[in-house]
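**Q** just to be clear, the model below is a prediction. Sequence and coordinates:
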Amino acid sequence: MKTSPHLNLTRRSLLALAGVGLASTVFPRAMFAQNTAVMVIASGQDIPNFDPHTATGYSASFFMRNVYDPLVRVSGNPPEPVPALAASWEASADGKEYTFKLNPDAKFHSGAPVTADDVVYSFQRALRLAKGNSWMIRDIVTPEGVTAVDAGTVKFTLAVPFAPFLQVLPWIFIVEKAVVEANLGTDDGQTWLLTNTAASGPFTVGRFQPGTLYQLARAETAWQAGGGNLAGVIWQIIHETATQRLMIQRGEAQIAVDLTSEDMDALKDAPGVVRVLEPEYRTFSIKMNTAYGPCSDINMRKAISYATNYQAIIDAAGYAELMTGPLPNGILGFNPDLAVYRMDLDKAKEHLAQTKTPEGGIKLRMVHVSGLEQQRRWALIMLDSLKALNIDLEIMPMNWPDMVAACKSPETFPDLFPVYQTANYGDPDNIAYAAYHSSRNGGWQNAVYHNPEVDALIEAGRSEVDTNKRIEIYHKFQEAVVADAPDIFGVLEKRRLAMRDNVKNYHFTPVASNAIEVFGLSME
Amino acid sequence: MLQFILRRLLMLIPVIIGLTIIMFAIARLLPGDPVGLAAGPNATQAEIAALAAEYGLDQPIWVQYWHYVTGLLHGDLGTSLLTRRPVATDIAAYLPATLELVLAAMAIAIVIGIPLGLVTAVWRNKWPDYLSQIAAIGAISMPRFFLGLLLQLCFAMWLMWLPLGGRLPIIVIPPPTITGFLTIDSLLAGEWSTFTLALRHLALPAIAMSLSPLATIMRMMRSSTIEVMQQDYVMTARALGLAPRLIITKYVARNAVSATLTVIGLYFGWLLGGTVLVETVFDWPGLGLYATKAIVSQDMMPVIGVALVIGLMFVIANLIIDVLYGIINPKVRYS
């Protein structure tokens, strides 16, 4: 039997482990993790592939954040850009030009230094492939707009001013041009990068078994200063959340990232376990069909908004906060004093009286993701809430691909459509643009809602570089959206993580918090 | 017999064609937008169209089908929309885990089920028979995933005798892949401790998978044994004064097992296609989990690939069963 060269576990000790009898298959994980500072993270999501310009999902984000480097990273709460490959940067007053000075110590796993050419190549490749996270810079960065001033300086001339530019940069990763070019194939290196890397991050790929585990080991060439004491990290695929919880309890995993509210309840007071329950920029709302059917009438939407039992919604949500309008609580520009809809049956009936069906007597259709118990509960709450208006609700569980297909036109879009929306970068533009800009119509994030005034505010918000002015714009945006009532603003579910108490230096960031950046972490 | 085997192998061709046609038709008829889903929520219509073109999904279905079939001849099962990995590579990675699990479950079911069926038939209407019948009904009616959870709770959590899941502890590097079966590969590599660990990990999921076929095989074996015991030649053997044990082992069991073989063949296919719940509970990285993820996302290439592989396995398993008929009962003639 061989053990991983990255684990620093001798053959003898491993044989001893194997021979200690009945518990020998239970405890080795804990022992190895504690003795060699190799952290095990239990997650339900497999890593699709290793290409930083095509892979998506939080498991891919975890991989990229630890194996690759972006120009800047995101850290803190609220999230702020911090240096990564770029040691420093400057922005022009009009927000159209950014100049980044690369850290001269930065080098790839091959030993070659990271140069401005690599940065230019990476951005151009991301734009050329138009997959993965490239949408974040689409129409903002052009292939010609990113240039190498010298070996250590990169200049971006944006197509339009884009205030969240520094917030999206953590998600565009830099590849080593020479390595990718040597393995281009016929698809721009996509096939090669499925299972290989051309990276400069603090960790390299040790070994991997798709569907089972991905082991990262501290890169010998790691140039990043500081960091924790981890020699490696294992992303272990555990599909059942209950099993993730058991692993945390037994010390077989140091962090579990996919726990349910019930799991978190069970872990309360569990010895050696720390629970992390923090609000994240992930909204849950119920979108209404503003373009077709009964909900195209604003009074009907307001009637439904006032009839909704928000207390029941928050009670059913477990660890969560009620939303106050369209933006996540705490994000830049969020207005905590915004006047939003709360349950008021008199007002609901007032608005219903102004519709074509003042006595109700209609049937609406609400879909939810088949098998997603939490959404089913919320659908039942809506069924109960609408009874007060004499409105019947047909609840239809559907597969997610069918729900996505239903978003293509107002005619196929249901009256009520529940949806989670996760901020991919820590700026209000992300949720505002994805969920309310009319250019997104036809997609599941905003299938039908279209308001030119709201569009103009969103566009103003993303191009304004003065923070105070942006806050003002987003206040107006929130008021305009609430006045239109396109959504039933639901809850902000808290991120539910559990970790062993020997994990040190963990700081929560409300963006991609389950794609944990482990470089700074230590284990005692 | 060789002619019979060749003929049956040739029959695989229409099976493959039939399966692919059916799966392609289903893929086309299903509502949903798998390309839009794979492109992500922020993709533009142009990007979705480009992705569809990259995977040939903008072509008419008969063109897609032709490309698929010609690819099949080169061992190409297409590419997953979601992972962007070749389906053949994925199946090659996941199939051995599922096969190992199913074969282990079938081995448990056969090794225990057949002797138990014989015993209960011989002791018909006595307490061992009643006890086995009750246990069999319980085993058949209990859902496998629930049984899996119970086994986990009992043997992994309370007693801590066996691991919660997976194929090996994560600290152990698997032996060099020869068959893909960790138990066999570790033996071939001479790594006894790895073999022991692999066996421990295999135990609970295999038991959870085996109980239902075990009960069915036992009941089938019982009824066919009772039937055979009433045959004239058994009566004659008894009248001639042959030892009861000899009659049972040499004459009854051999004939009774023929009928049970059919059930074993059918169960093999059923288990292959039904591993997903046990694989989920035990985090067993097999074909069931892979196919389920693909089905939920309507990622059709992996779904078609898995259906094809399971279909082929099923046909081959039943061919082996048919050959075994002749070995066990020389009266059987192949035509």
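**A** Yes, it's here. Residues are numbered from 1 along each chain as shown, chains lettered A, B, ... in the order given.

**Q** got the contact list for A:G57?
**A** A:Q45, A:I47, A:P48 (C-beta atoms under 8 Å, 6 or more residues apart in numbering or on different chains). Backbone N, C-alpha and C define where each C-beta goes, glycine included.

**Q** among those, which ones lie close to chain B?
**A** Among the contacts of A:G57, proximity to chain B is found for A:P48 (C-beta under 8 Å from any C-beta of the partner chain).

**Q** now that we have the contacts of A:G57, which one has the most neighbours?
**A** A:I47 (24 neighbours; other C-beta atoms under 10 Å in any protein chain shown).

**Q** quick one, phi/psi of it?
**A** As for A:I47, its main-chain torsions (degrees, to the nearest 10) stand at phi -90, psi 120.

**Q** chain neighbours aside, what residue packs nearest to it?
**A** A:S59 (4.6 Å; C-beta to C-beta, 6 or more residues apart in numbering or on different chains).

**Q** show me the contacts for that neighbour.
**A** A:S43, A:Q45, A:D46, A:I47, A:P48, A:W235, A:A515.

**Q** circling back: wait, which of the contacts of A:G57 is closest to A:L416?
**A** A:Q45 (28.1 Å; C-beta to C-beta).

**Q** for the contacts of A:G57, give me CSV that also has distance to B:F24 and pLDDT.
**A** Formatted as CSV, the contacts of A:G57 follow (distance: C-beta to C-beta, whole Å; pLDDT from 0 to 100):
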residue, distance to B:F24, pLDDT
A:Q45, 29, 90
A:I47, 29, 92
A:P48, 24, 88
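
**Q** identify, from the contacts of A:G57, the entry nearest to chain B.
**A** Proximity of the contacts of A:G57 to chain B (C-beta to the nearest C-beta) peaks at A:P48, which lies at 4.3 Å.

**Q** which SS class is that closest one?
**A** coil (DSSP: H, G, I helix; E, B strand; the rest coil).

**Q** list the contacts of it.
**A** A:A55, A:T56, A:G57, A:S59, A:A60, B:L82, B:T83, B:R84, B:R85.

**Q** ok, now with 10 Å
**A** A:54-57, A:59-60, A:63, A:194, A:210, B:80, B:82-85 (C-beta atoms under 10 Å, 6 or more residues apart in numbering or on different chains).

**Q** and if you look at A:V273?
**A** So A:V273 contacts A:R245, A:I248, A:Q249, A:G251, A:A256, A:A266, A:L267, A:A498, A:M499, A:R500, A:D501 (C-beta under 10 Å, 6+ apart).

**Q** please export the C-alpha coordinates of the strand or helix carrying A:K349 as PDB.
**A** A:K349 is part of helix A:345-353, with elements assigned from DSSP states H and E. The C-alpha trace of helix A:345-353 is given here as PDB (Å, rounded to 0.1, in the frame of the first residue of the first chain):
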ATOM      1  CA  LEU A 345     -54.500  41.900   4.000                       C
ATOM      2  CA  ASP A 346     -56.500  45.200   3.900                       C
ATOM      3  CA  LYS A 347     -54.000  46.700   1.500                       C
ATOM      4  CA  ALA A 348     -53.900  43.400  -0.400                       C
ATOM      5  CA  LYS A 349     -57.600  43.600  -0.900                       C
ATOM      6  CA  GLU A 350     -57.500  47.300  -1.900                       C
ATOM      7  CA  HIS A 351     -55.100  46.500  -4.700                       C
ATOM      8  CA  LEU A 352     -57.000  43.300  -5.700                       C
ATOM      9  CA  ALA A 353     -60.100  45.500  -6.000                       C
END
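
**Q** which elements pack onto the helix or strand following that helix?
**A** Per DSSP H and E, the first helix or strand lying C-terminal to helix A:345-353 is strand A:363-369. Packing partners of strand A:363-369 (3 or more C-beta pairs under 10 Å, 6 or more residues apart in numbering or on different chains; DSSP states H and E): strand A:273-288, helix A:373-387, strand A:392-398, helix A:400-406, strand A:416-422.

**Q** tell me the angle the longest one makes with helix A:373-387.
**A** Interaxial angle of strand A:273-288 relative to helix A:373-387 (axes from the mean of the first three to the mean of the last three C-alpha atoms, to 10 degrees): 40 degrees.

**Q** now, which of the contacts of A:V273 lie within strands?
**A** A:A256, A:A498, A:M499, A:R500 (DSSP state E).

**Q** ok, the spatially closest residue to the last one that is not a sequence neighbour - contacts?
**A** Closest residue to A:R500 apart from its sequence neighbours, by C-beta to C-beta, 6+ apart: A:Q254 at 4.7 Å. For A:Q254, the contacting residues are A:30, A:33-34, A:38-42, A:230, A:233-234, A:247-248, A:498-503, A:518, A:521, A:523, by C-beta under 10 Å, 6+ apart.

**Q** can you select the buried ones from those residues in PyMOL?
**A** To isolate the buried ones among the contacts of A:Q254 in PyMOL, judged by 16 or more other C-beta atoms under 10 Å in any protein chain shown, type:
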select buried, chain A and resi 30+33+38+39+40+41+42+230+233+234+247+248+498+499+500+502+503+518+521+523
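
**Q** give me the number of residues near residue 297?
**A** Because you didn't say which chain, this covers chain A. Residues near A:D297, counting by other C-beta under 10 Å: 17.

**Q** ah, I was thinking of chain B
**A** 21.

**Q** how far away is the residue nearest to it when sequence neighbours are not counted from A:M64?
**A** Closest residue to B:S297 apart from its sequence neighbours, by C-beta to C-beta, 6+ apart: B:L82 at 5.4 Å. B:L82 sits 17 Å away from A:M64, going by C-beta to C-beta, to the nearest Å.

**Q** just want to know which of those two has more residues nearby.
**A** Per other C-beta under 10 Å, whichever of B:L82 and A:M64 has more neighbours is A:M64, with 27 against 22.

**Q** where does the chain dip in pLDDT?
**A** As the question left the chain open, I've gone with chain A. A:1-36 (pLDDT under 70).

**Q** not quite, go with chain B.
**A** B:330-335.
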